[in-house]
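**Q** just the structure for this:
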Amino acid sequence: MRVLFIDIDTLRPDHLGCYGYGRNTSPNIDSIADEGVCFDNYYCSDAPCLPSRAALITGQCGIRTGVVGHGGTAADMRPWGPEREFRDVRSMGSLFTQMRRAGLYTISFSSFPERHTAWWFNAGLNECHNCGGVGHESAEAVTPSVLEWLKSNGKKKDWFLHVHYWDPHGPYRTPEEFGNPFENTPLPDNWIDKERFQEHLQHVGPHGANEIYMWNDKADPNYPRYPGKLENLKDVKYFIDQYDCGISYADQHVGKILFLLKEMQLYDEELAVIVTSDHGENLGELGIYGEHATADMATGRIPMIIKWPGGLKGIHDFELHSNIDLLPTLRELLDIENKPAMFKHMEIPEGHYDGSSYAKTIRTGEKAGKKGVIISQCAHVCQRSVRFDEYLYIRTYHGGYHLFEREMLFDVRKSTHELENIAEKYPELCEKAAKILLDWQDDMMKKSQYQIDPLWTVMKENGPYHIHGQLEAYIERLENTPRKSKIGKLRKQYRTEL
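**A** Got it, this is the predicted structure:
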């Protein structure tokens, strides 16, 4: 069989038409959804880019692989240890290696391994194509090579093709000639009103409205779609327009691949197509703009669309799932358990994967969700969250110089934008979520040969990577702003770092 895996970085599902978005950002992706299953409550176990793809590729949470951040010890995959055989079981159990075990020739077009020095990503790949700019390239640098490969090899019977687009990732880099097709289209979900934006202007912490470029408002002339600051609601709309442009531009390139597949008569019932992302994007949620900086719905929720031979078409599943579930799901769909291992002594041991299969949902619509999923973020902040029932619980260990409460609880039925922290109103719900989190941590520690939680490794190494050494200079910047009154609270919350 043939499998096309579309991996679009920083893609929020609620900005896709097939997930209900009111703008025409994704007609090509929507067409895939019409022929498959959309998973509406799908999350990355670890955010952002590096930890998320480590989890996707290994089928294991960051608390086990050790990859939970973007720098320091917790940005590297832990060695397997004294039990390591001639080949280590994590790479043998990885996504691409398992696809090879299924008899598929594996190809990836992505600069992700070079961007994050994450060469474990390539385990099991027959071909690795580095498309250019260490994650700063746009889709036009990727698509021609993909199309050329398909023209030369597409008619071969068994392949798994991974195509990675960065376009919605900041700084928003859609080519100037694309324009702004959304300039005259209102925001479908205009939740940021004048009063809310005034609150955002008072926000303290990196990537707020006053400091889109993390710690200052200096725009990069190389990225005119990504301003240094937002001063009014017109600026907010413009900013979200640019994010949507990135999605639309990537979608057009997805369309080019689909067009060629149809032209070659390869887009048929036997072709599987998967569309997903590594994480979402804060677009005002928790006062943050243009960054995937938290363990919340904005960053943690991702699309998962699967068109599968013999699978259901045009349905939505609302059960809770995580990106660590994809590998077990594909193993079941491809019947990998009953296929010989590439090396006899490297069978995957029971309990190796942290996720669980939802293959039956794709085949029959039967529910296969979880009672709760955990989202971890240790690159910009140190947070762990629990998505359970109709709630999102966030526990903050290090706020990344934002003034977050230790516990936050949001009712996602009322809003997915985290507008009201109801933790004090409902302590019993916080206790329920905290127990889910604690039980999960205990289970992961029992499975880990290291029994060291990498979140605390990050904490010991001066906190999240992206905030290292910035606090004093940021406080100095705040001295000359209307937010000066919040410096005392900032100093108190982070006094040990001054």
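**Q** which residue ranges make up the domains of this protein?
**A** Domain assignment for the chain, taken from automatic domain parsing, gives 2-189+231-371, 468-497.
**Q** go through those domains and name the closest to residue 439.
**A** In terms of C-beta to C-beta, the element of the domains of the chain nearest to residue 439 is domain 2-189+231-371, at 10.6 Å. (Glycine included, C-beta is placed from N, CA and C.)
**Q** end to end, how far does the closest one reach?
**A** One end of domain 2-189+231-371 to the other measures 33 Å (C-alpha to C-alpha, to the nearest Å).
**Q** for stretch 292-303, same thing?
**A** Distance between the two ends of stretch 292-303: 15 Å, counting by C-alpha to C-alpha.
**Q** nearest residue to residue 449 in space, please, no chain neighbours.
**A** Leaving aside its chain neighbours, residue 449 sits nearest to residue 81 (5.1 Å; criterion: C-beta to C-beta, 6 or more residues apart in numbering).
**Q** how many residues are close by the one you found?
**A** When neighbours are counted by other C-beta atoms under 10 Å, residue 81 registers 9.
**Q** phi, psi for the residue most central in space within the chain please.
**A** Centroid-nearest residue in the chain: residue 279, 1.5 Å away (criterion: C-alpha atoms, centre = their mean). For residue 279, the backbone dihedrals (degrees, to the nearest 10) come out as phi -170, psi 180.
**Q** and residue 249, how many neighbours?
**A** So residue 249, with other C-beta under 10 Å, has 22 neighbours.
**Q** I should have written residue 22 there, sorry.
**A** Applying other C-beta under 10 Å, we find 12 residues neighbouring residue 22.
**Q** assumed residue 280 was part of a strand.
**A** No. Residue 280: not assigned to a strand; according to DSSP: H, G, I helix; E, B strand; the rest coil it is coil.
**Q** and the pLDDT for the residue nearest to residue 449?
**A** Here the pLDDT value assigned to residue 81 is 86.
**Q** that one and residue 89, how far apart?
**A** 11 Å (C-beta to C-beta, to the nearest Å).
**Q** mind checking how far the helix or strand of the chain with the lowest mean pLDDT is from the chain centre?
**A** When the helices and strands of the chain are scored by mean pLDDT, DSSP states H and E, helix 89-92 comes last with a mean of 92. Counting by C-alpha atoms, centre = their mean, to the nearest Å, helix 89-92 is centred 23 Å from the centre of its parent chain.
**Q** quick check: next helix or strand after that helix?
**A** Using DSSP states H and E, the helix or strand that follows helix 89-92 in sequence is helix 95-101.
**Q** what sits up against that following helix?
**A** Residues outside helix 95-101 that contact it (C-beta atoms under 8 Å, 6 or more residues apart in numbering) are 3, 56-59, 91, 106, 108, 122-126, 160, 162, 326-327, 330-331, 334, 336, 339-342.
**Q** buried members of the residues you listed into PyMOL, please.
**A** Buried residues within the contacts of helix 95-101, by 16 or more other C-beta atoms under 10 Å, are selected in PyMOL with:
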select buried, resi 3+56+57+58+59+91+106+108+122+123+124+125+160+162+326+327+330+331+334+336
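**Q** now, the contacts of helix 95-101 that are in helices?
**A** Among the contacts of helix 95-101, the members falling in helices (DSSP state H) are 56-58, 91, 326-327, 330-331.
**Q** I'd like the residues you listed as JSON lines, with distance to residue 221 appended.
**A** Shown next, in JSON lines, are the ones in helices among the contacts of helix 95-101 (distance: C-beta to C-beta, whole Å):
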{"residue": "56", "distance to residue 221": "34"}
{"residue": "57", "distance to residue 221": "36"}
{"residue": "58", "distance to residue 221": "39"}
{"residue": "91", "distance to residue 221": "42"}
{"residue": "326", "distance to residue 221": "39"}
{"residue": "327", "distance to residue 221": "42"}
{"residue": "330", "distance to residue 221": "43"}
{"residue": "331", "distance to residue 221": "48"}
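**Q** and of those residues, the nearest to residue 223?
**A** Using C-beta to C-beta, residue 56 is the member of the ones in helices among the contacts of helix 95-101 that lies nearest residue 223, at 27.2 Å.
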